[in-house]
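Would you be able to build a 3D model of this:
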Amino acid sequence: VEGTDLRIVKYPHPALRAPNQEYTKEELKENSKEVSELSKGMLKVMYAAEGVGLAAPQVGVNKRLMVYNPTGDSKRWLDETVLVNPKIVEYSEAKDEESEGCLSFPGMNGEVVRSKWIKVEAMNLKGKKIKKKFTGWEARIFQHEYDHLDGTVYIDRLSEETRGKVQPRLDELIEEYGEGGAL
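Modelled structure (predicted):
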């Protein structure tokens, strides 16, 4: 992808299951250019892959950072969101089920149950605290990317039946990756 060396790692790359470290305020101050470059690179890679969200572990960086744009359109950069150390502080009891895919799991998708709304606390790239309620599509994207920060991938949330349907593709990805994958 032009303008960045970042690449999306595919399942079962160990970075997708590894613990992800929080950024400290000092890190954000001292390495602000680095963190800003990482988030810009992540957005470039996300758009190139025609995605709507990306978490740092998906580019092999085990930090609690996510980017997304619900439109998936790079020309609509005002819709871009970059969140540092996000936390979900409240989930709605109401749920819905929709088909999801993942850039780290190319060539497959499946129905995932998620909360209809969530309340989130995070920081921006400058370390300023953000509190926000997300609903609908944006809530779904956030929950999907947030899972990555906890080493959870969307196949962990598939029903047994759906998991069975995608298993042949998972087996292919495992085969392509070779030794040392983290299932």
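
who are the neighbours in contact with the nearest residue to residue 5 once chain neighbours are set aside?
Excluding the flanking residues, the one nearest residue 5 by Cβ to Cβ, 6 or more residues apart in numbering is residue 41, at 7.6 Å. The way it works is simple: take the backbone N, C-alpha and C, and place the C-beta from them, glycine included. Residues in contact with residue 41 (Cβ atoms under 8 Å, 6 or more residues apart in numbering) are 3-6, 59.

any idea how far residue 41 is from residue 150?
22 Å (Cβ to Cβ, to the nearest Å).

before we move on, back to that, that's a strand at the residue nearest to residue 5, yeah?
No: Residue 41: not assigned to a strand; according to DSSP: H, G, I helix; E, B strand; the rest coil it is helix.

for the strand ranked longest in the chain, packing partners?
Ranked by residue count, the top strand of the chain under DSSP state E comes out as strand 81-91. Here strand 81-91 is seen to pack against helix 32-48, strand 65-68, strand 117-123, helix 136-149 when contacts are counted using 3 or more Cβ pairs under 8 Å, 6 or more residues apart in numbering; DSSP states H and E.

Turn the ones you listed into TSV, including mean pLDDT.
As requested, these are arranged in TSV below (pLDDT from 0 to 100):
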stretch	mean pLDDT
helix 32-48	96
strand 65-68	98
strand 117-123	98
helix 136-149	98
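
just these: most buried one?
Among the helices and strands packed on strand 81-91, ranked by average contacts under mean count of other Cβ atoms under 10 Å, first place goes to strand 65-68 (a mean of 26).

gap between the spatially most central residue of the chain and residue 174?
When the chain is reduced to its mean C-alpha position, the nearest residue by Cα atoms, centre = their mean turns out to be residue 145, at 2.8 Å. Per Cβ to Cβ, residue 145 is found 23 Å from residue 174.

try residue 156
Remark: distance between residue 156 and residue 174 (Cβ to Cβ) = 15 Å.
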